[in-house]
Each structure stands twice: as C-alpha cells, then as structure tokens.
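Visitor: This is a predicted model, with the sequence first.
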Amino acid sequence: MDILLAIAIMALGAVVLGAALGYASIKFKVEGDPLVEKIEAILPQTQCGQCGYPGCKPYAEAIAKGECDINLCPPGGMEGVQRLADLLGREVKPLEAEEKPKQVAIIDENTCIGCTLCIQACPVDAIVGAAKQMHTIIAQQCTGCELCLPPCPVECIRMDTLTENIDNWKWKFPVIKIKPEARQAAPLEDAA
Amino acid sequence: MLKQLFKFKGGVKPPTNKTQSTTLPIAGAPIPSRLVVPLHQSIGGTPRPVVQAGDTVLKGQLIGEADGWISAAVHAPTSGTVVDVGMYVQPHPSGLDAQCVVIEPDGRDQWIAHAPFDYAHATPDAVRHYLQQSGVVGLGGAVFPTHGKLTASKTVPMDELIINGAECEPFITCDDLLMRERAEDVVRGIGVFRDLLKPKKVLIGIEDNKPEAAAAMRAAVNALGEQFLVVQVPTLYPAGGAKQLIRVLTGKEVPASKRSTDLGVQCFNVATAYTAWCAIATGQPVISRLVTVSGNVQAPRNYEVLIGTPMGELLQLGQPHPDTDGIVMGGPMMGFLVPNDTVPVVKATNCLIAHSERLFPPKAPEMPCIRCGACGEACPHELQPFELYWNARARNFGKTQEFHIFDCIECGCCSFVCPSRIPLVQYFRFAKSEIWAREREKNAADEAKVRFEFKQYREEREKAEKAEKLAKAAAAQAAKKAAEAAAIAAVESPSETPAPAPTEATGNTPLPAVDPAQDAKKAAIAAAMARAKAQREAAQPKNTETLNADQARELADIEARRQQAGIVEARTAVPPPSDAATQKAE
C-alpha cells in the first residue's frame, strides 16, 4: 500500500513539475539566439565582409552555429579573437588576414565623376552625393571597410589611416626601463 | 568667526616649496617675440577661428568663436599680425599638436575698442553670455567654461557657493599672490557669481599656510560690506580639489556620478572670479593670467603672462640654472613635463617649474606591490588604488570600473606614498583612456550597426515598392489593353472583324492583341524622345556671350568634330520617329 502511495506522490510531482516546465518554456521563450547577439556585440560592425559573410550578423550566426572559425575578422583584431574565444570557450587562433590600423575612406573630389556606385556599395550609408554630382564621405560614419574601392570606375577613393590626435590620444601603459644607462652605453663601446 | 570644519580621509603633506615665489610682488611679463594661441583652451567645443593669416588684429580682438554652449571664446592677447592659423605642439602630455593662431606682435599693444559691461541692468542670461564671449573659464586647472556653471539647479536649492583659494599643490603661489594684491576685484567677482546663483552662504576656503592672503580677502570682504565667510582650512594636499574642499567646508560628500550642484553646492577658483570681474568692469576679455615661475630658477616669481607666450621665453625671466632640463606645467604632484619649450602658456597654465635632476631626482625602478595598503590610506577619494592598480595592469578594465576608477582625480597621493615607487596614477590614466577609447569604438560600432540595418531595411523596402509599382503598371497596362481590344473589337466588328485573323494570324492568335499595346508603348517612348530633343535644342550654352574669336573658332571646330563622330545627331539623319510610330498605332 505504502509503495503505491509513494508511486502516486512521485507521479503527481512529475506531472506538476512537468506542467510548470511546459508553461515556463512557452511563457519565457527567448526569441532569437542570445549567443548571436553576444557575438555580434564583440564584432566591430564594419560590415566589410572580409570574413566571407555579408555583414557582421551573418558571421555571428555562422560562429554561433559552429560553421566557421573565430579568427576571420581582421578589423576586430587579435583582441576580438581573444574576446570571442573567452565567450565561446574556444581556442585562440592567430588572425587569418593581416591586422590593419583603423582607416577612413577619402574621395578625391576633383576626380569623382558622380557615378553613385560607391554610394550603393557603402554598407553604412556614409557617402553623400547624387548622380553626376560630387560625392563625399562622412568621415565619422565611415567604418573603413574598403567596400567602396572596387566599384569606383575612376579610382578616386583612397584609404587614409586614422592618425592619433589630441582628442583620441591615449595614455600609454607605463613602461619602466631596466638599466637605461647600460643601453645608452652599448653603442659607445661599439664605436670605440 | 568660528566655523565647524570637516575632514576628508587621506591626503598627504608634501613639502610646500611656496615661500620662494611669494617674496616678490606680481610682475608683468614682457610681450614675447610671438604668440601661439591655441583655440581649444577649455573643455567643450573647439572654437572656430575667425581670422586668417595676414590679418591685423588688435589686443582683445576675437580670434576664436565659441562653438556651442560648453565652449568659450578666444581673443588676441596683443595687437599684431596673424602669421599662421595651423597646427602647433600643445602643452599636453601627448606632445601632439592642435589648431593655433600665431600672432606676431607689433609692439604697440593697442586695445580694440571696449567698454565696461552694464552689469547693473543686465539679465542673468546676458551676463552668462557675456562671460562666454569674454572667454572666462575655470582657471583652477579644469578650464570648464564658467558660464556653464552659473545656472542654479532648478530642483535643488543652492545652499553654498564655495570659492577655492586653497591652492594645495606645492610650488604654486599664483592664487596666493592674486588674493594678496587684488583681493577687492576677486571679492567683486564672487559678488557676480553670488548674484547669479543666489546661494544661502558664500564660503571662501584658503589653506592656513597663506595667512596674508586670508587677511587681505577678509579686509576686502569687510570693505565691500559683503557677507562672505573667509575660512582657513588645514594645509593638506589635496584640500584644493573641488570635492575635498566642499567636504571640508560643508561636510557634504559628493557621491560618484553626481555633481556638486545636485547637493546645492557650486565651486569656483579665486582667479576665475577675478577674471570674470575684470571682464565685466573693464570690458577686457581673458587674454592673460598669473603664472608662477619656480623650481630650478634663480628668481622665482609670479608673472602676469599673455596667453600664448612660449614657455621657454617665460622661464628665461626666472633665470633658470644651467642644469635645467625641462619644464613642468602645473605642480609636482599633478603636472607634467611639456614636450618642448616653445609650447604656449594657456588658460590652464598656473605654474611653470624648471625641471632638473637635482630638484626632482629620477625615480628608482618600480618594485612589486607589497600590499601594504598605504595608497588606500592616502587616497582622498576613499578608493582602493591597489585594486585599481592590479586590474589596470592586467588590463582588466571592467573590474577597474567596478572599483570606481572614474572617481579618481589623479591627485598623485597614492604614487607619492607608495614604498614600491609604483607610478599608480599612470596606470589609472592608461586604464581611463583605454576605457574611453573602447567606449568610442563601441558607440561607433553601434551606430554602424544601426545604419547598416537601416540600409538593408531601406533596400528591402525599395525593392518591395518597385515590385508593387511594376505590378500596378502591369495591371494598368492589362486593363488598357483589354479596353483597347474591346474598342477595336467594337469598331471593327460590324465591318471586318474576321478579316485580320485569316490574313495575318497563321496560327498566331495573341499577336493582334499585343500589337496595339506595344504600339502605344512605342508611341509613348517616341514622344518622350521628341520632348527630350526639343528640350536639348531649347537649352543654349550659358557661358558663350563673352567668347573671343579664338574660343569661338575652337568651339565651332569641336562642334564639327562631334557631328562627324555622330555624337550630336544631325537633324536630318534620323527621320522623326514619332510620325512612324503614330502611323503604326493608328
């Protein structure tokens, strides 16, 4: 008798908990994949397609599905790879392509013929202009993706590396020289 | 007059080194050989230059226009010629350059027409605007535009106005001398701030190592019949920090991420009050300031210096010793070595210290942190510098923010007491600027993402709109076709309905139905082409009136070549297509 009661209680418990879990899975259903969003937050959003995917989100989705490596994003740099590795628990790999400093596109406005091809290519609408009118780049919004370079028929777009200025200058990591005298003395000895 | 004073935690007592430069009164520095006036001298927007190379300017003439509300105007410090508006090295630890106006003085030092500001009849907004136009900024070191701090909070009543005359950094005595010699103007300036903010009390805090300044200020307050309270606060670095002085004088602790105005307190430097009053009483904008020249020099003294004076020329007045190997701007605790001696004196320059290894022996190498906790005891902001240090060193920036790195005022107390000689403040500055850079990158990435998504959405929408338009046009076309077919059928049915069918269509039935529609389309195209052609012909070249004979001939040649090449249609070459089309349509 006791055993039947125990079974009944366990069965009742299973039904109640199962109902609660079923309810929760409907009520608190997560739309989309939260992992994709986390990965996307790490990506630099240049939308350059250098990873082989048409934008940062498709790349994030591919990473989340485990379809591709985490070292395909050159604008994100090694730091991006490191952060992705930390997030996903994967191994850090060296970047596939060379890491480049941040750049900005500049249109040589004298050469521009106003063909609008670069405007269509720009993934972030950072180029202003109209047909047969001069085009120009909104430098603050340019992600430096280089997607405007190939379509230009007159090659009037160049990439400039962003230089440090007084507003974006960063304090450097303190480096303390060990025995600075020794280093200075060395060339003198060579000369002698 | 007894007033209860409070204490802030921590603080250090470095040797003050102030007496050297207080023996002599303030002297005027001569006009230098040339002036390099940076446009961006205050926090906020960079003023736009309103002069060009070659312009002649008068003393006090506007050369940089304030850009936005948090920005202050910049003026020519003397009369002369603008030789360049360009990039010059700044008195900034980075050694990078920024936009400056370079003026070659003509030696006449001729003022532009100026008149005192009608303060008695001005509205508070007019006063604030006037101070912005006069380039009045906080001269305590932060150079925040003063007018931006002169609006009382709407929700919190203004309890105390604090005037900061503490001047806690070693070597610096410019505020001390200012209060000794020009106390009356300082007090009048405080009166202006009082009128704008309407606080319940005005407290003037002066460290107790400046009894002469405190006495002069008390005398001036009494002479002018004001109710300001001059309070001598204990000498303890950094008592001159705004939050520390507020704590000492009012007992109020400004919480992290809040401003003192949220607690009903506002704080100004004495020199700011002085320049504000000078601007109002004389109409002269801020073109000079007091600078202490001290350190490794024979004749330390305070000078009234034109903004833009090269630091090297100013230091020569103090006769630096031959072993001087650099110039420190600011005090020894928070100052920095300037990149070279051509950098100009700016509104934030309160002191120049001639640097030498005798005066500031090079620091022995950094040793490992021994976790003694001395930095935590010295920190006036009750932070834990050792935690900040470990995390900054490990580039664990999220953690540094958890330990409130942005509350650090970089006063240098922790580095001063560290027995391992760790340059703690440098680590904190490094962490702060990395965090700021990341923030900027994050914001840029977020914006790029939004713009990318919008572009995709827009392309989708355009595609959909186009498809819809095409569908509509096709439907209209079909309706028209049906109507035309019906009309043709109606016209032709009585006489010869079956006639075209047997003659034309040899098993090709849809042809007669398509033809009229295609013809209509062709007609429309032809009409459009004709219209375009007419427009082309109607449009005459606009710039042909003033041609000389050569140019006219050249044009004629080109025109002939173009016709030969067939670029321009000869009028008779193509038969007017409209006629043919209309005939076909009929």
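Guide: Cool, got the structure.

Visitor: By residue count, which helix of chain A is the longest?
Guide: Across chain A, the longest stretch assigned as helix under DSSP state H is helix A:2-27.

Visitor: mean confidence for that helix?
Guide: Averaging pLDDT along helix A:2-27 yields 94.

Visitor: could you point out which element follows it?
Guide: Following helix A:2-27 in sequence order, the next helix or strand is helix A:34-42 (DSSP states H and E).

Visitor: number of nearby residues for residue B:80?
Guide: Neighbourhood size, residue B:80 [other CB atoms under 10 Å in any protein chain shown]: 24. Every C-beta, even on glycine, is put in place using the N, C-alpha and C of the backbone.

Visitor: so it makes contact with residue B:61?
Guide: No. If you go by CB atoms under 8 Å, residue B:80 and residue B:61 don't touch, sitting 10.2 Å apart.

Visitor: The strand or helix carrying residue B:267 pairs with which strands, parallel or anti?
Guide: For residue B:267, the host element (DSSP H and E) is strand B:265-269. Under the criterion DSSP bridges, strand B:265-269 sits next to strand B:160-165 (parallel) in its sheet.

Visitor: what's next to the strand it pairs with, contact-wise?
Guide: B:140, B:175-176, B:179, B:190, B:193-194, B:197, B:199-207, B:210, B:213, B:217, B:228, B:240, B:242, B:245-246, B:249-250, B:264-270, B:273 (CB atoms under 8 Å, 6 or more residues apart in numbering or on different chains).

Visitor: Report the residue ranges of every domain in the chain.
Guide: No chain was given, so I picked chain A. Listed by automatic domain parsing, the domain ranges of chain A are A:34-88, A:101-163.

Visitor: Wait, chain B was what I had in mind.
Guide: Structural domains assigned to chain B are B:19-31+B:123-355, B:363-462, B:549-586, following automatic domain parsing.

Visitor: Would you mind finding the most buried of those?
Guide: domain B:19-31+B:123-355 (a mean of 21; mean count of other CB atoms under 10 Å in any protein chain shown).

Visitor: And the helices in the stretch 1-150 of chain B, which stretches?
Guide: All helices of the stretch 1-150 of chain B, identified by DSSP state H, counting those that start in this stretch, fall at B:124-133.

Visitor: re the thing from before, would you turn the domains of chain A into CSV with mean neighbour count?
Guide: Listed next are these as CSV, based on neighbours: other CB atoms under 10 Å in any protein chain shown:
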stretch, mean neighbour count
domain A:34-88, 19
domain A:101-163, 16
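
Visitor: mind giving me TSV with those and columns for distance to residue B:282 and mean pLDDT?
Guide: Putting the domains of chain A into TSV (distance: least, CB to CB, whole Å; pLDDT from 0 to 100) gives the following:
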stretch	distance to residue B:282	mean pLDDT
domain A:34-88	54	89
domain A:101-163	41	91
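
Visitor: now these as CSV including distance to chain B?
Guide: Below are the domains of chain A laid out as CSV (distance: least, CB to the nearest CB, whole Å):
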stretch, distance to chain B
domain A:34-88, 4
domain A:101-163, 4
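
Visitor: on that earlier part again, residue A:78 is nearest to which of the domains of chain B?
Guide: Closest to residue A:78 of those, according to CB to CB: domain B:363-462, at 13.0 Å.

Visitor: Can you give me the first-to-last residue distance of the closest one?
Guide: 66 Å (CA to CA, to the nearest Å).

Visitor: what's the average pLDDT for it?
Guide: Averaging the model's pLDDT scores along domain B:363-462 yields 92.

Visitor: cool, and stretch B:148-155?
Guide: 86.

Visitor: Show me the contact partners of that stretch.
Guide: Here stretch B:148-155 makes contact (CB under 8 Å, 6+ apart) with B:44, B:69-70, B:124, B:127-128, B:131, B:138, B:158, B:193, B:196-198, B:261-262, B:264, B:266, B:268.

Visitor: Quote the end-to-end distance of it.
Guide: Terminal residues of stretch B:148-155 lie 17 Å apart, using CA to CA.

Visitor: list the contacts for the residue nearest to the spatial centre of chain A?
Guide: What sits nearest the mean C-alpha location of chain A, by CA atoms, centre = their mean, is residue A:43, with 2.1 Å. Residues near residue A:43 by CB under 8 Å, 6+ apart: A:56, A:59-60, A:73, A:76, A:80, B:445.

Visitor: hmm, 7 Å instead?
Guide: With contacts defined as CB atoms under 7 Å, 6 or more residues apart in numbering or on different chains, residue A:43 is in contact with A:56, A:59-60, A:73, A:76, A:80.

Visitor: Closest one to residue A:102 out of those residues, please.
Guide: Using CB to CB, the contacts of residue A:43 come closest to residue A:102 at residue A:76, 11.4 Å.

Visitor: I figured the closest one hits residue A:46, correct?
Guide: No. Between residue A:76 and residue A:46 there is no contact under CB atoms under 7 Å: 8.5 Å.

Visitor: so residue 154, which of the three states?
Guide: This is for chain A. coil (DSSP: H, G, I helix; E, B strand; the rest coil).

Visitor: Could you check how far it is from residue A:131?
Guide: According to CB to CB, to the nearest Å, residue A:154 and residue A:131 sit 15 Å apart.

Visitor: wouldn't residue B:381 be in contact with residue B:406 here?
Guide: No. Using CB under 7 Å as the test, residue B:381 is too far from residue B:406 to be in contact (10.6 Å).

Visitor: The helix or strand hosting residue B:440 - contacts with which helices or strands?
Guide: Residue B:440 belongs to helix B:424-496 when assigned by DSSP H and E. Counting contacts by 3 or more CB pairs under 7 Å, 6 or more residues apart in numbering or on different chains; DSSP states H and E, helix B:424-496 packs against helix B:385-393, helix B:397-402, helix B:413-417, helix B:510-538.

Visitor: Could you export those helices to TSV, including columns for distance to chain A?
Guide: Below are these laid out as TSV (distance: least, CB to the nearest CB, whole Å):
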stretch	distance to chain A
helix B:385-393	8
helix B:397-402	12
helix B:413-417	11
helix B:510-538	16
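
Visitor: Rebuild those as a markdown table, extending it with distance to residue A:96.
Guide: Listed next are the helices and strands packed on helix B:424-496 as a markdown table, based on distance: least, CB to CB, whole Å:
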| stretch | distance to residue A:96 |
| --- | --- |
| helix B:385-393 | 31 |
| helix B:397-402 | 27 |
| helix B:413-417 | 43 |
| helix B:510-538 | 52 |
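
Visitor: Figure out which of those helices is closest to residue B:105.
Guide: Ranking the helices and strands packed on helix B:424-496 by their distance to residue B:105 (criterion: CB to CB) puts helix B:413-417 first, at 40.5 Å.

Visitor: That closest one: how far from the chain's middle?
Guide: Averaging C-alpha positions (CA atoms, centre = their mean, to the nearest Å) puts helix B:413-417 32 Å from its chain's average.

Visitor: Tell me who's in contact with residue A:92.
Guide: For residue A:92, the contacting residues are A:81-82, A:85, by CB under 7 Å, 6+ apart.

Visitor: The domains of chain B: lowest mean pLDDT?
Guide: domain B:549-586 (a mean of 63).

Visitor: Can you report phi and psi for the nearest residue to residue A:33 once chain neighbours are set aside?
Guide: By the measure of CB to CB, 6 or more residues apart in numbering or on different chains, the closest residue to residue A:33 outside its immediate chain neighbours is residue A:64, 5.8 Å from it. Main-chain torsions, residue A:64, degrees, to the nearest 10: phi -60, psi -40.
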